[in-house]
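> Just to be clear, the model below is a prediction. Sequence and coordinates:
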Amino acid sequence: MNEAPGGDRALLGEAAAEPLSGAAPPQAGAAPHAGAAPNYSIVIPIHNEAECLVGEVTELVRELEARGVDYELLLAENGSSDECPAIAEALAHQNPRIRVLRVPVPDYGAAMKTGMLSGRGELVVNFDIDFHDVGFMLAAGDLIAATGAGAVVGSKLIEGAEDRRSPARHLVSLGFTSILRLLFDPRMDDTHGMKVLRREVVERYAPRTVRTRDLFDTELIIRARRGGVTVKALPVRVEEKRKPRSSIVRRIPRTMWGLMQLRLILWREGNA
């Protein structure tokens, strides 16, 4: 569970998964005109989320509608083997503000990239299906408008953040960010998790990224910073709702190898 600055309650509903016919998300208000871009494009990669998809989308849509947010919700399905694709399509059929995008293979980063580049909103938002917070999104939008920043990341590490995960998970996040600062930029902050970016930043830098899987969003923020984009951070509260989908032990060497490859790629680009 996460919480935005100022005490806004995180939208991580505790209700158990329920059949689609039993709890459809509330009907959204009138969809934006076909030619009008929404304020927010919310991108959520989904993979084998049949058990929680209806409940999480219901909670998120309910909060967005209650706050009068002008949004579109992009569910970027990638290589699911359960009923996730069919459930996502049914949700989109019920709510004209929801769109389903399909990536044929399981690849979180590729799904996120596809969703971000498909977004029509002035601001592009990255949430996870079990880690989303409308309060953070709106606070980030206000911060972008007030400061001219190009992106805002939700940080689990800065003052005011609250990490309720296991000490091991917190240590991994701290170590990962420390490595990013050492290899790429001493100003780097948390790159995994929620973030809000101006659409023009996504359009400029996302097509240049070469990494997917675990490192797409990290590379996107690194490239944006290297291009002079101001990236701000807001503290968030995070709490695990379920066990990690992949083993941290297996991800660490894969991620380290990916970071070293990315460092070499950026060095070569800088010296081309």
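Good, I have the coordinates.

> Only C-alpha atoms from now on, for both contacts and neighbour counts.
Noted.

> Wait, a strand at residue 190?
No. With DSSP: H, G, I helix; E, B strand; the rest coil as the criterion, residue 190 is assigned coil and is not in a strand.

> where's it relative to residue 101, distance?
As for residue 190, its distance to residue 101 is 27 Å (criterion: CA to CA, to the nearest Å).

> And the helix or strand hosting residue 177, what's buried?
Following DSSP states H and E, one finds residue 177 within helix 167-183. Within helix 167-183, the residues that qualify as buried are 173, 176-180, counting by 16 or more other CA atoms under 10 Å.

> what separates that helix from the chain centre, distance-wise?
How far helix 167-183 lies from its chain's middle: 19 Å, per CA atoms, centre = their mean, to the nearest Å.

> And the helices in the chain?
53-66, 84-94, 108-118, 134-147, 167-183, 199-205, 216-226, 248-270 (DSSP state H).

> out of those, nearest to residue 157?
helix 167-183 (7.1 Å; CA to CA).

> Let's test this: mean pLDDT of the closest one, rounded?
Looking at helix 167-183 alone, the average pLDDT works out to 79.

> Would you mind listing the outside residues contacting it?
157, 163, 186-191, 263 (CA atoms under 8 Å, 6 or more residues apart in numbering).

> Show me just the buried residues among those.
In those, burial by neighbour count holds for 157, 163, 188-191, 263, counting by 16+ other CA under 10 Å.

> Go through those and name the one nearest residue 122.
residue 191 (20.7 Å).

> from the contacts of helix 167-183, which two are the most distant?
The largest separation in these, counting by CA to CA, is between 163 and 263 at 28.5 Å.

> Tell me the spacing between the residue most central in space within the chain and residue 93.
For the chain, the residue nearest the mean C-alpha position is residue 126 (2.4 Å; CA atoms, centre = their mean). Counting by CA to CA, the gap from residue 126 to residue 93 is 22 Å.

> swap in residue 192?
Where residue 93 is concerned, residue 192 sits at a distance of 30 Å (CA to CA).

> swap in residue 109?
Taking CA to CA, one finds residue 109 at 26 Å from residue 93.

> Among these two, which residue is more densely surrounded?
residue 109 (19 against 13; other CA atoms under 10 Å).

> Local confidence estimate at that one?
pLDDT at residue 109 comes out at 92.

> And for residue 191?
pLDDT, residue 191: 79.

> dump the residue contacts of it.
With the criterion set at CA under 8 Å, 6+ apart, residue 191 makes contact with 153-155, 177, 217-218, 221.

> Among these, find the lowest-pLDDT one for me.
residue 177 (79).

> Give the burial count for residue 145, as a bare number.
By other CA under 10 Å, 12 other residues sit near residue 145.

> Next one, pLDDT for it please.
97.

> again, but for residue 84
The model's pLDDT for residue 84 equals 96.

> got it, and the one 5 residues further on?
Turning to residue 89, the model gives it a pLDDT of 97.

> Highest mean neighbour count out of the helices of the chain?
Mean neighbour count (mean count of other CA atoms under 10 Å) peaks for helix 108-118 among the helices of the chain, with a mean of 23.

> just checking, what packs against it?
On a contact count with 3 or more CA pairs under 8 Å, 6 or more residues apart in numbering; DSSP states H and E, helix 108-118 meets strand 40-46, strand 71-78, strand 98-103, strand 123-126, helix 199-205, helix 216-226.

> Dump the C-alpha coordinates for the shortest one into CSV.
The C-alpha atoms that make up strand 123-126 are tabulated as CSV, following Å, rounded to 0.1, in the frame of the first residue of the first chain:
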residue,chain,number,x,y,z
LEU,A,123,0.7,13.6,-18.5
VAL,A,124,1.7,9.9,-18.7
VAL,A,125,1.4,7.9,-15.5
ASN,A,126,3.0,4.5,-14.7
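
> average pLDDT for it?
97.
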